[in-house]
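Q: I'll drop the sequence and a predicted model, then ask my questions.
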Amino acid sequence: MSDYMKTDTKLLPYLPFPRFLLGADLTQTAKVLYAVLLDRSNLSRANGWTDEDGNIFVVFPLNKLADMVDKGPSTVKNALNELEAAGLIERQRCGNGMPNRIYVKQPDGQEIDRLMDRKLATRQPESWPSDSQKTGCQIARKLAPNKISSP
């Protein structure tokens, strides 16, 4: 086996990762989760999982989704909430003990700009000195321990 890719090298299985996610103001877990859900929506399309309006949905139990992205269920719930707040997914409850239907949305150009603008607006310019600048010494000091009073 060769470590280098050649012109005839077969690609390994991969997830689609939309470029807009690179600059989106989302956690890394939410970005990976969106890519997983986007990939799973292609499987749902092939299986004909559509609602009465023709919208493709994904059925992915929370514990299986957490295993897939190697995160805990609460982290995945937070990421799903984040994706829903960003308008990238919509969840529809299906009843007691049943997994939700997840509708994966694809943002248009304006929504992509909105998702990326929030992050760009909050970015601070880097204050690292260039190689030609001298840096001053930083003083490391020992912090006082927490004081816990006993009753």
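A: On my side now, so go ahead. Residues are numbered from 1 along each chain as shown.
Q: run through the bridge partners of the nearest residue to Gln92 once chain neighbours are set aside.
A: Excluding its sequence neighbours, the residue lying closest to Gln92 (Cβ to Cβ, 6 or more residues apart in numbering) is Arg101, at 4.3 Å. Where C-beta positions appear, they are placed from N, C-alpha and C, glycine not excepted. Going by DSSP bridges, Arg101 is paired in beta bridges with Val59, Gln92.
Q: next one: stretch 90-108 to chain centre, how far?
A: Offset of stretch 90-108 from its chain centre (Cα atoms, centre = their mean, to the nearest Å): 16 Å.
Q: could you export that stretch as CSV, CA atoms only?
A: Only the C-alpha atoms of stretch 90-108 are listed here, as CSV (Å, rounded to 0.1, in the frame of the first residue of the first chain):
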residue,chain,number,x,y,z
GLU,A,90,-35.6,21.4,11.3
ARG,A,91,-36.7,18.6,13.7
GLN,A,92,-40.2,17.2,13.8
ARG,A,93,-41.3,15.1,16.8
CYS,A,94,-42.7,11.7,16.0
GLY,A,95,-44.1,10.6,19.3
ASN,A,96,-43.1,8.9,22.5
GLY,A,97,-39.8,6.9,22.1
MET,A,98,-39.6,7.5,18.4
PRO,A,99,-36.7,9.3,16.9
ASN,A,100,-37.4,12.7,15.4
ARG,A,101,-37.5,13.4,11.7
ILE,A,102,-34.7,15.7,10.8
TYR,A,103,-35.0,17.9,7.7
VAL,A,104,-31.6,19.0,6.5
LYS,A,105,-31.8,22.4,4.8
GLN,A,106,-29.4,23.9,2.3
PRO,A,107,-28.9,27.6,2.8
ASP,A,108,-29.0,30.0,-0.1
